[in-house]
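Student: Got a predicted structure plus its sequence, pasted below:
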Amino acid sequence: MAVNPGDNGVVPFKFVSGDLSLDFVNTVDWTDQGLRDERLADYDSLVHWAESSGAISADVALRLSDRAFSGHEKTAALSVARELRSILEHVFARIARARAPDEGNLQALNKFLGEALGRVHLATGSGEGSGGALQWSWIGMGSEPTCMLWPVLWSAAALLSGEEVQKLRVCAGVACGWMYLDRSRNGLRRWCEMSTCGARAKARRHYERTRGRA
Ligand SMILES: [Zn+2]
């Protein structure tokens with residue numbers, strides 16, 4: 001949910017959802033009037049988000065920043081990222097309301113997923129301590145401009161097909177639209193964050209009560 005931008009005018013990233021793919025959806029506010037407070041303003045902010053979220057390592061982030069992607073490649077990658085985010089928002093919002101996602105969005109998600117999972121690669125572990133386990137990685141991680149989306153897709157697929165999908169909620173805050181997994185013991189979490197949407201609702205209730213009294 002929106003907070004005041006910092007001194008540099010940048011709205012900070014937040015990681016409050018409990019899932020990488022939901023945190024990705026929460027890089028913008030989904031309001032009735034359209035998108036607000038875009039945090040993925042340019043390609044560099046996409047790379048920065050991916051590193052901050054743990055989707056990619058600092059090493060991969062550095063490689064992406066160092067690579068001489070053209071302006072066109074960066075713009076295209078950013079637009080692909082926003083497209084995926086929009087598809088995920090649709091699918092998650094439907095599922096959170098116990099409705100099936102529409103076929104077009106599901107197909108688009110599956111297309112993204114197919115491209116990402118085609119990159120998964122298993123290799124023999126290095127060193128003594130691997131215990132014989134194979135190590136998995138992504139082919140092209142750090143060299144494709146949209147590689148940070150692969151772990152996001154992995155996370156989305158795991159969430160959508162797992163038991164925790166029942167805990168998927170959309171924030172009850174006005175003009176927020178952020179999503180999270182309600183892992184609270186009583187299952188009554190209503191807000192993306194108590195300190196923003198929760199506090200705002202509380203202030204509104206207080207205002208309405210005192211106005212009613214006046
Ligand atoms: Zn919220």
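Tutor: In hand now; what should we look at?

Student: from here on, contacts and neighbour counts on C-alpha atoms
Tutor: Fine.

Student: For G104, give its distance to the ion.
Tutor: 27 Å (CA to the ion, to the nearest Å).

Student: Can you read off the pLDDT for that residue?
Tutor: G104 is assigned 98 on the pLDDT scale.

Student: Tabulate the CA atom coordinates of the helix or strand hosting it in CSV.
Tutor: Here G104 is covered by helix 103-117, with elements defined by DSSP states H and E. This file holds the C-alpha atoms of helix 103-117, laid out as CSV (Å, rounded to 0.1, in the frame of the first residue of the first chain):
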residue,chain,number,x,y,z
GLU,A,103,-8.8,-18.7,-19.9
GLY,A,104,-6.8,-16.1,-21.7
ASN,A,105,-4.9,-15.1,-18.6
LEU,A,106,-4.3,-18.7,-17.6
GLN,A,107,-3.0,-19.4,-21.1
ALA,A,108,-0.7,-16.4,-20.9
LEU,A,109,0.6,-17.5,-17.5
ASN,A,110,1.3,-21.0,-18.8
LYS,A,111,3.2,-19.6,-21.8
PHE,A,112,5.4,-17.6,-19.4
LEU,A,113,5.8,-20.7,-17.2
GLY,A,114,6.8,-22.9,-20.1
GLU,A,115,9.5,-20.5,-21.1
ALA,A,116,10.9,-20.2,-17.6
LEU,A,117,10.8,-23.9,-16.7
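
Student: For this structure, which element, helix or strand, carries the lowest mean pLDDT?
Tutor: Within the chain, no helix or strand scores below helix 199-213, which has a mean of 84 by mean pLDDT, DSSP states H and E.

Student: hmm, back to that, quick one: distance of the helix holding G104 to the chain centre.
Tutor: 16 Å (CA atoms, centre = their mean, to the nearest Å).

Student: helices or strands next to it in the packing?
Tutor: Helices and strands touching helix 103-117, by 3 or more CA pairs under 8 Å, 6 or more residues apart in numbering; DSSP states H and E, are helix 71-96, helix 149-161.

Student: Let me know the angle separating it from helix 149-161.
Tutor: If you take axes from the mean of the first three to the mean of the last three CA atoms, to 10 degrees, helix 103-117 sits at 130 degrees to helix 149-161.
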